[in-house]
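Peer 1: I'll drop the sequence and a predicted model, then ask my questions.
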Amino acid sequence: DVKVTQSSRYLVKRTGEKVFLECVQDMDHENMFWYRQDPGLGLRLIYFSYDVKMKEKGDIPEGYSVSREKKERFSLILESASTNQTSMYLCASRWVGTEAFFGQGTRLTVV
Amino acid sequence: AQTVTQSQPEMSVQEAETVTLSCTYDTSESDYYLFWYKQPPSRQMILVIRQEAYKQQNATENRFSVNFQKAAKSFSLKISDSQLGDAAMYFCAYRSWGNTPLVFGKGTRLSVIA
């Protein structure tokens, strides 16, 4: 089975902290994605990566950055966390041309 | 840019009955994929069904089937013989060919009444 693992299921951080959300997949997928999920807004794309060291901005990249130094790992970075970044974050990965597989989500609360 | 619209924020169905969730999308492309994902309370997104736009035949997976109307840009999901375990958020999603991300609708919350 494909496994996409997010480092934390729940996270509480303080305003202004630098926050790292980690995502690891074990199926050698080329593409990886970070989405943010908010009630009534569905899933919105933050960043995606189609290969190591490659990244593309999604619909809502402001306040976020990403890193992909190895194929299996895609990190989402909140440079200076703010309360409006309190949300559910979902990581996904896939081979080109197939469906995406998702992690279990990280519920981040910024206080 | 492509958009996906789910016009029903919430739906309910009696156990063992049939329910249809609606989805429309906007695109100028002719080749693309469409998906329905299920997100139960556990938050794990699970692929329910997938449709390639070039295929005229509607996809079916056990109790789940789609009605794909390419000209109308409509992609509805039918759940037959609904079960309590079908209660979840359902997301419709679109993807172009190649290294492109999924574009999601806002979701439909389905309740199943025993």
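Peer 2: Happy to help now that I have it.
Peer 1: can you list the residues of chain A near chain B?
Peer 2: A:30-31, A:33, A:35, A:40-45, A:48, A:50, A:58, A:88, A:90, A:92, A:96-97, A:99-102, A:104-105 (Cβ under 8 Å from any Cβ of the partner chain). To be clear about C-beta, it is placed using only N, CA and C from the backbone, and glycine gets the same treatment.
Peer 1: which of the residues you listed count as buried?
Peer 2: A:30-31, A:33, A:35, A:42-45, A:48, A:50, A:58, A:88, A:90, A:92, A:99-102, A:105 (16 or more other Cβ atoms under 10 Å in any protein chain shown).
Peer 1: so which residues on chain B come close to chain A?
Peer 2: Residues of chain B lying near chain A (Cβ under 8 Å from any Cβ): B:6, B:9, B:33, B:35, B:37, B:42-45, B:47, B:50, B:91, B:97-99, B:101-107.
Peer 1: of those residues, which belong to helices?
Peer 2: Taking DSSP state H, every one of these sits outside helices.
Peer 1: show the buried residues in these.
Peer 2: Buried among these by 16+ other Cβ under 10 Å: B:6, B:33, B:35, B:37, B:43, B:45, B:47, B:50, B:91, B:99, B:101-107.
Peer 1: so who does residue A:61 touch?
Peer 2: A:46, A:47 (Cβ atoms under 8 Å, 6 or more residues apart in numbering or on different chains).
Peer 1: now swap in residue A:106 and tell me
Peer 2: A:6, A:7, A:8, A:9, A:10, A:11, A:21, A:88, A:89.
Peer 1: farthest pair within these?
Peer 2: By the measure Cβ to Cβ, A:7 and A:88 form the most distant pair in these, at 14.5 Å.
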